[in-house]
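In: Okay, here's the prediction I keep looking at, along with the sequence it came from:
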There are 2 protein chains.
Amino acid sequence: MLSHKAKYALKALLFLAQQDENHISRTIEIAEAASIPKKFLEQILLDLKRGYFVGSKQGKFGGYYLLKSKNEITLADIHRLFDGAIALLPCASLNFYEPCSDCTSESECLLRHGLMTIRDETLKAMQGITIASLVKK
Amino acid sequence: MLSHKAKYALKALLFLAQQDENHISRTIEIAEAASIPKKFLEQILLDLKRGYFVGSKQGKFGGYYLLKSKNEITLADIHRLFDGAIALLPCASLNFYEPCSDCTSESECLLRHGLMTIRDETLKAMQGITIASLVKK
DNA sequence: ACTAATTCTATAAAATTAGTAGAGTTTAAG
DNA sequence: CTTAAACTCTACTAATTTTATAGAATTAGT
């Protein structure tokens, strides 16, 4: 399941994606349009900025705008940024790999192989969902 | 990501699946073989019992054994039993459906449709992983 | 200078997860 | 019928994570 943070991030990105090119949206606008607590959204937008998904303009008449193209922002990206690994266990993860503390031999682990299969399929599916594809539907 | 509970459940089921037919395994055996805290495993085995995945025999020389066939226990089943919905949001879930409190119109929700696509693909993949398939590899 | 916005750090409340404790119940064997 | 060995059940606790909130600092336009 997605955290609220990830869900709010997606909703914010969808909002930004629907604005005119070069339009800058204030946090409060996004928050109200997408029903997201404003102070919480501030943090989320900063995270998105640090991930180079959005850009910002400070000061009066400042706000946020999409930095990457709608086609380049995938569900997998947002999941990883806010909720971490896509794999079901860290030992089966590409980006968040960690060995299991209770695992005697990773190569002989019966679970890991199956979880890597799931990871590959889920990842592929998640990379197929972009902000652009969501807006179009 | 899977919770420890779900991971331990899978490891316990894998252990049971590797025993001889009609063999009964004590909790302590499973716990030691799979490096699972015994008291925690007790709860997990009870959950698996209530889900009719395993059966138990009480009293001296009691223990647990697989109730369902190895082919009939899927990763999707165990995920749902211990970690709930496979969908990324409750509004996109088949078995754990709940409307979003911050959603004005579900039918117009841009997110939901994409998340249902992911759910279908993930579910299909997870239903393809069975205890039997994990043991075989 | 003033205003309106982002940025940053700290804090807090709530929920979830992971694990422990201990009493109770059931069964087999002597 | 007593004892031992196992599952069963309920309650509790500690740690972590999640979901925010508060408020000061910074930036930029007029």
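Out: Thanks, I have it.
In: C-alpha only now, for contacts and for neighbours.
Out: Fine.
In: for residue A:52, phi and psi?
Out: Note on residue A:52: its backbone torsions stand at phi 60, psi 30 [degrees, to the nearest 10].
In: repeat for residue A:63
Out: Backbone torsions of residue A:63, given as degrees, to the nearest 10, read phi 160, psi -160.
In: Which positions within the lengthiest helix in chain A qualify as buried?
Out: Ordering each helix of chain A by length in residues (DSSP state H) puts helix A:110-128 first. Within helix A:110-128, the residues scored as buried using 16 or more other Cα atoms under 10 Å in any protein chain shown are A:110-123, A:125-126, A:128.
In: Neighbours of the residue of chain A found nearest DNA strand D, how many?
Out: Nearest to DNA strand D in chain A, going by Cα to the nearest atom of the strand, is residue A:59, at a distance of 2.9 Å. For residue A:59, the number of neighbouring residues by other Cα atoms under 10 Å in any protein chain shown comes to 7.
In: And for residue A:81?
Out: If we define neighbours as other Cα under 10 Å, then residue A:81 has 17 of them.
In: Up against DNA strand D, what does chain A have?
Out: A:3-5, A:37-40, A:43, A:57-61, A:83 (Cα under 7 Å from any atom of the strand).
In: What's the separation between the residue nearest the centre of chain A and residue B:129?
Out: Chain A has residue A:78 as the residue nearest its centroid, 0.8 Å off, counting by Cα atoms, centre = their mean. Note on residue A:78: its distance to residue B:129, by Cα to Cα, to the nearest Å, is 26 Å.
In: Repeat that for residue A:100.
Out: 20 Å.
In: same question, residue A:10
Out: Residue A:10 is 30 Å from residue B:129, by Cα to Cα.
In: What of residue A:92?
Out: From residue A:92 across to residue B:129, the span is 15 Å (Cα to Cα).
In: between these two, who's got more neighbours?
Out: Neighbour totals were compared for residue A:92 and residue B:129, and residue A:92 leads with 26 against 21 (other Cα under 10 Å).
In: my guess is the more buried one meets residue A:111, correct?
Out: No - using Cα atoms under 8 Å as the test, residue A:92 is too far from residue A:111 to be in contact (9.2 Å).
In: quick one: contacts for residue A:65?
Out: Counting by Cα atoms under 8 Å, 6 or more residues apart in numbering or on different chains, residue A:65 makes contact with A:16, A:22, A:23, A:24, A:25, A:54, A:55, A:56.
In: where's it, which helix or strand?
Out: strand A:63-66 (DSSP states H and E).
In: can you confirm residue A:14 is in a helix?
Out: Yes - counting by DSSP: H, G, I helix; E, B strand; the rest coil, one finds residue A:14 located in a helix.
In: Now do the contacts for it.
Out: Contacts of residue A:14 (Cα under 8 Å, 6+ apart): A:131, A:134, A:135, B:110.
In: ranges for the helices of chain A?
Out: In order along the chain, chain A carries the following helices (DSSP H): A:4-17, A:27-34, A:38-50, A:75-83, A:110-128, A:131-136.
In: Off-centre distance for the fourth one?
Out: Distance of helix A:75-83 from the chain centroid (Cα atoms, centre = their mean, to the nearest Å) equals 3 Å.
In: Quick check: which helices or strands does it pack against?
Out: helix A:4-17, helix A:110-128 (3 or more Cα pairs under 8 Å, 6 or more residues apart in numbering or on different chains; DSSP states H and E).
In: what's in contact with the last one?
Out: When contacts are defined by Cα under 8 Å, 6+ apart, helix A:110-128 is touched by residues A:74-77, A:86-89, A:91-93, A:106, B:10-11, B:14, B:118, B:121-122, B:125-126, B:129, B:134-135, B:137.
In: same question for it, mean pLDDT?
Out: Here helix A:110-128 scores 96 as its mean pLDDT.
In: With only the CA atoms kept, save that helix in CSV.
Out: Output of helix A:110-128 as CSV, limited to C-alpha atoms (Å, rounded to 0.1, in the frame of the first residue of the first chain):
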residue,chain,number,x,y,z
LEU,A,110,13.7,-20.3,-1.3
LEU,A,111,11.8,-17.1,-0.8
ARG,A,112,14.2,-14.7,-2.5
HIS,A,113,13.9,-16.0,-6.0
GLY,A,114,10.2,-15.8,-6.1
LEU,A,115,10.2,-12.4,-4.7
MET,A,116,12.6,-11.2,-7.3
THR,A,117,10.2,-12.5,-10.0
ILE,A,118,7.4,-10.5,-8.4
ARG,A,119,9.7,-7.5,-8.2
ASP,A,120,10.5,-7.6,-11.9
GLU,A,121,6.8,-7.8,-12.8
THR,A,122,5.6,-5.2,-10.4
LEU,A,123,8.4,-2.8,-11.4
LYS,A,124,7.6,-3.2,-15.1
ALA,A,125,4.0,-2.4,-14.4
MET,A,126,4.8,0.5,-12.2
GLN,A,127,7.2,2.0,-14.8
GLY,A,128,4.3,1.8,-17.3
